[in-house]
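[1] Next one to model:
(one chain, ligands or ions: 1)
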Amino acid sequence: MSPSKEKSGPSTSSGRADLELSCAIAEQIRTHARLTTPLECCGLLLGEGTIIIEARPARNVHLSPQTHFEIDPQALIDANRAARAGGPQVLGYYHSHPFGPAQPSATDRAMAARDGAIWAIVTGDQITFWRDSESCFTPLSYELAKG
Ligand SMILES: [Zn+2]
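    Residues are numbered from 1 along each chain as shown. Sure thing, here's the model as predicted:
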């Protein structure tokens, strides 16, 4: 079986994707979202450059987790500390929209730090990736590698 490709946004072109992650990580994110529904799940995306090597679940500490997410600050502190010590970098975050759509909500736009981080949004089986860039969320294409 060849690696499957999924579209995150209109920038997808054959063979070249903005990001790469394994099927196992994608499935892990979907499972986390499914088990957390009807609340939003969230977590960290760790890796190097354009390759995501780990999706680490984190507690959603927002007071309204039905419609919002806030990653447990301690999880972020721990991950950033580990990164400074030579561990994988914190590339970004993922969270779910239990009832869709898989694109940044008005709340997400308001929360965006415009820091270039990667955001993954999961709805059901669909995962989309975005770059939280200076003026807006830019859709990122991605490739699923086996493993
Ligand atoms: Zn959202």
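[2] Helix or strand next in line after the helix or strand harbouring Glu54, which one?
    Under the criterion of DSSP states H and E, Glu54 resides in strand 51-58. Once the chain leaves strand 51-58, the next helix or strand it forms, by DSSP H and E, is helix 73-84.
[3] So which elements touch that next one?
    The helices and strands touching helix 73-84, judged by 3 or more CB pairs under 8 Å, 6 or more residues apart in numbering; DSSP states H and E, are strand 42-48, strand 51-58, strand 89-96. The way it works is simple: take the backbone N, C-alpha and C, and place the C-beta from them, glycine included.
[4] So which bits of this protein are right by the ion?
    105, 108 (CB under 5 Å from the ion).
[5] quick one: low-confidence parts of the chain?
    Along the chain, the model assigns pLDDT under 70 to residues 1-15, 147.
[6] With the ion as the reference, measure out to Gly87.
    From Gly87 over to the ion the distance is 27 Å, taken as CB to the ion, to the nearest Å.
[7] What residues sit buried inside the longest helix seen in the chain?
    The residue-count maximum for a helix in the chain (DSSP state H) belongs to helix 23-36. Buried residues in helix 23-36, counting neighbours by 16 or more other CB atoms under 10 Å, are found at 25-26, 28-30, 32-33, 36.
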